[in-house]
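Asks: Only the shape, not the letters, is given here:
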């Protein structure tokens, strides 16, 4: 089972570490001063997570409903990470806006797959 899901597990562990590590771990960079850059990070990480899930299980999805049901797993995981940041860490805070950007990354990965899936099926045949 682990061998089949190795990339999903790897990305999930990376997200888990980045979510619960103290903010002093990452340091401050003075030359990058973009407002809400962390939201771009949330979007990107969960976009990558859902993309990896889709690519690892692309043969298992027989319809869009199955993919949407599977998408609930990273959505719940992202919401749980925001809650755990609030409860377990002293210098991190869970934000609703972060959870929204997590969900937006997941949703974008699904939409892109739905757009390119017909081309992928034609290429297999």
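Replies: Nice, I can see it. All values derive from a computational prediction rather than experimental measurement. Residues are numbered from 1 along each chain as shown.
Asks: Can you tell me the closest non-neighbouring residue to the residue most central in space within the chain?
Replies: Central residue of the chain (C-alpha atoms, centre = their mean): residue 46, 1.6 Å from the mean position. The shortest distance from residue 46 to any non-neighbouring residue, by C-beta to C-beta, 6 or more residues apart in numbering, is to residue 105 (3.6 Å). Every residue, glycine included, has its C-beta placed from N, CA and C.
Asks: Against which helices or strands is the helix or strand where that neighbour lies packed?
Replies: If you go by DSSP states H and E, residue 105 is part of helix 96-124. Counting contacts by 3 or more C-beta pairs under 8 Å, 6 or more residues apart in numbering; DSSP states H and E, helix 96-124 is packed against helix 37-56, helix 64-88.
Asks: quick one, what contacts residue 51?
Replies: Residue 51 makes contacts with 109, 112, 113, as judged by C-beta atoms under 8 Å, 6 or more residues apart in numbering.
Asks: CSV please, covering the helices and strands packed on helix 96-124 and showing distance to residue 13 and mean pLDDT.
Replies: Output for the helices and strands packed on helix 96-124, formatted as CSV (distance: least, C-beta to C-beta, whole Å; pLDDT from 0 to 100):
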stretch, distance to residue 13, mean pLDDT
helix 37-56, 11, 92
helix 64-88, 12, 92
